[in-house]
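Visitor: Just to be clear, the model below is a prediction. Sequence and coordinates:
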Amino acid sequence: MKKNGTKESRFNLWWAQWLNRRLPPAARVTLAHKSIFILPTGFGLFWIFLVLILFVFGTNYQNNLVIGLSILLLSLFNTCIIYSYRNLAGLTLNASVPPQAYAGETLVFPVKLSSSQPQFEVQLNYPDNRIKVIKTIGEEPIVTLVPFDNLVRGRVSPGRLKIESRYPLGLFRAWSHVNLDNPHIVFATPLASHSQLKSIDADNQNITGDRGMHIPGVDEFKGLRQHIPGESLRQVAWKQLAQGRGMLSKEFQQPQGEPHWLIIEDLNSPSLEKQLSELTWAIDKMSGRGQVFGLVIGRKKILPAEGDTHRVHCLQQLALLPQCV
């Protein structure tokens with residue numbers, strides 16, 4: 001059993017290396033003769049067996065009608081080789097940026113498909129994952145979401161995407177394995193907890209406080225709103241008024257108090273994964289409330305800010321921490 005397992009792992013390694021040389025990773029791939037493989041299916045092998053039986057029967061009993069039928073079936077078999085190849089040849093695949101995801105969720109990798117000729121019943125799937133069937137592909141690009149089950153955080157690569165077709169009669173299986181070079185950073189699984197919401201000056205305020213939130217002020221420009229009669233004319237957005245957008249007032253805001261600091265100090269702690277999950281939840285919660293916060297990861301400090309860009313940056317830094325062994 002051990003020898004068989006070693007042989008299988010060696011074969012898998014050789015196969016992966018051969019594919020990397022023949023089909024190197026690329027964000028855009030067009031299938032051609034170099035990247036398409038064709039073999040008969042089980043039904044196709046049965047078809048050939050039936051052709052042989054009919055031919056032997058026809059020659060043995062000198063029945064020209066049966067011999068003609070066997071030749072017709074053989075010609076149909078050969079014709080299906082060409083159509084099976086044509087149903088994948090010229091298919092162009094483009095990788096797109098996947099949506100944000102957390103560990104334990106099913107990731108979806110968007111793939112844009114187009115072809116210079118109509119193609120039918122094309123199947124897409126990543127290894128050991130569900131199959132996505134595309135009924136028709138034409139010149140007009142379409143985007144399909146290919147599922148990928150994932151349980152871990154960090155930089156996740158789905159591997160090679162298998163494209164398969166058994167069109168038109170199921171006699172042949174034409175397929176390809178392409179690497180669209182689309183790794184994705186998966187965030188840690190959120191876990192509701194207030195224990196990670198520490199202030200750097202040990203104020204012990206939690207997420208229900210107002211620190212880091214914005215209140216009306218004069219520091220930062222927030223946006224425009226409808227002008228209220230009686231307001232100071234100094235608040236009027238004269239430029240927008242000249243553009244014919246109506247009477248609008250400028251609105252300003254300022255942070256209330258000191259920003260929150262989220263801290264994780266011991267990166268070798270046995271409970272690191274739990275702490276990362278709690279911090280992930282805290283970051284999402286505070287971003288949803290519009291609060292300003294900073295993040296301390298060991299000796300690394302991310303300065304306080306707000307907004308979705310800041311949220312994603314913090315979550316990515318947590319996700320990319322080394323896994324605990």
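Guide: Yep, it's here. Numbers count the residues shown, from 1 in each chain.
Visitor: ok but F46 is inside a helix, no?
Guide: Yes: assessed by DSSP: H, G, I helix; E, B strand; the rest coil, F46 belongs to a helix.
Visitor: Helix, strand or coil: sort out H310 for me.
Guide: Applying three-state DSSP: H310 is helix.
Visitor: pLDDT wise, what is it at?
Guide: pLDDT for H310: 92.
Visitor: Next, work out how far apart the closest residue to it other than its chain neighbours and G42 are.
Guide: In this structure, H310 finds its nearest non-sequential neighbour in S287, 7.4 Å apart by C-beta to C-beta, 6 or more residues apart in numbering. For the C-beta atoms, the positions are set from N, CA and C on the backbone; glycine is no exception. Counting by C-beta to C-beta, to the nearest Å, the gap between S287 and G42 amounts to 53 Å.
Visitor: Looking at the two, which is more packed in?
Guide: Using other C-beta atoms under 10 Å, the more surrounded residue of S287 and G42 is S287, with 19 against 9.
Visitor: mind listing what A27 touches?
Guide: Shown in contact with A27 (C-beta atoms under 8 Å, 6 or more residues apart in numbering): 94-95, 180-182.
Visitor: ok, 7 Å please
Guide: Neighbour list for A27: 94-95, 180-181 [criterion: C-beta atoms under 7 Å, 6 or more residues apart in numbering].
Visitor: okay if I get those as CSV plus distance to L88, neighbour count and pLDDT?
Guide: Below are these laid out as CSV (distance: C-beta to C-beta, whole Å; neighbours: other C-beta atoms under 10 Å; pLDDT from 0 to 100):
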residue, distance to L88, neighbour count, pLDDT
N94, 16, 18, 94
A95, 18, 20, 92
L180, 16, 21, 92
D181, 20, 13, 90
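Visitor: between those, which is nearest A16?
Guide: Nearest to A16 among the contacts of A27, counting by C-beta to C-beta, is D181 at 14.9 Å.
Visitor: Which element, helix or strand, includes F49?
Guide: Here F49, judged by DSSP states H and E, is contained in helix 42-60.
Visitor: Next, the buried residues of that helix.
Guide: The neighbour-count criterion (16 or more other C-beta atoms under 10 Å) identifies 44, 47, 51, 54-55, 58 as the buried residues of helix 42-60.
Visitor: What sits closest to N125 if chain neighbours are left out?
Guide: Nearest one to N125, counting by C-beta to C-beta, 6+ apart, is I131 at 4.3 Å.
Visitor: What is the neighbour count of that neighbour?
Guide: 12.
Visitor: how close does it sit to L124?
Guide: 7 Å.
Visitor: same check, this time on L113
Guide: Taking C-beta to C-beta, one finds L113 at 8 Å from L124.
Visitor: low pLDDT regions in this protein?
Guide: 1-8, 194-258, 324-325 (pLDDT under 70).
Visitor: Let me see the domain layout of it.
Guide: Domains of the chain are assigned by the TED database as 28-186, 221-255, 260-320.
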